[in-house]
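Peer 1: One predicted model, sequence on top.
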Amino acid sequence: MIVRKETLKKPILNVYLQNKISGIHIMNTAVSGNNSQALRERFAKDVLSYTADKVFILIGTNDLAEHKQLSKETYQKICSG
C-alpha cells in the first residue's frame with residue numbers, strides 16, 4: 001500500500017525515488033477513481049504519447065466499486081489490447 005503524506009505536493013513514492021536516484025524523472029498520470037475502461041480510453045494520450053524507459057501500471061482496484069463495475073466483455077477487450 002502506498003499512502004500520501006498530505007504535506008507533499010507529489011505522491012510519497014515519487015519523492016522517495018527522486019531522493020534516492022539522481023536524475024530520475026517520474027511522470028504520474030494516475031487519475032483518482034478511474035477504472036480500467038477509463039484508463040483504456042486515455043492510455044494513448046496519457047502513456048503512449050511519451051517516451052519512457054519503464055512504465056508501471058496499477059489498474060483494477062477501482063473496478064471493484066459497485067458503481068464502476070465492468071462487464072466481462074469489457075474486461076476481455078481490455079485484456080486483448
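Peer 2: The structure has been received and is ready for your questions. Numbers count the residues shown, from 1 in each chain.
Peer 1: Run through the chain and note the low-pLDDT ranges.
Peer 2: For the chain, applying pLDDT under 70 flags the ranges 1-6, 66, 81.
Peer 1: mind listing the helices for it?
Peer 2: Using DSSP state H, the helices found in the chain span residues 12-20, 36-43, 72-80.
Peer 1: what packs against the first one?
Peer 2: Translated: helix 12-20. Helix 12-20 sits against no helix or strand, with contacts defined as 3 or more C-beta pairs under 8 Å, 6 or more residues apart in numbering; DSSP states H and E. Heads up, the C-betas are built off the backbone N, CA and C, glycines and all.
Peer 1: ranking the helices of the chain by burial, who's on top?
Peer 2: Ranked by mean neighbour count, those are led by helix 36-43 with a mean of 16 (mean count of other C-beta atoms under 10 Å).
Peer 1: Can you list the helices and strands that that one packs against?
Peer 2: Using 3+ C-beta pairs under 8 Å, 6+ apart: helix 36-43 touches helix 72-80.
Peer 1: Okay, angle between the helix it packs on and helix 36-43 too, please.
Peer 2: Interaxial angle, helix 72-80 versus helix 36-43 (axes from the mean of the first three to the mean of the last three C-alpha atoms, to 10 degrees): 40 degrees.
Peer 1: hmm, what's the outermost residue in this protein?
Peer 2: Ser22 (23.0 Å; C-alpha atoms, centre = their mean).
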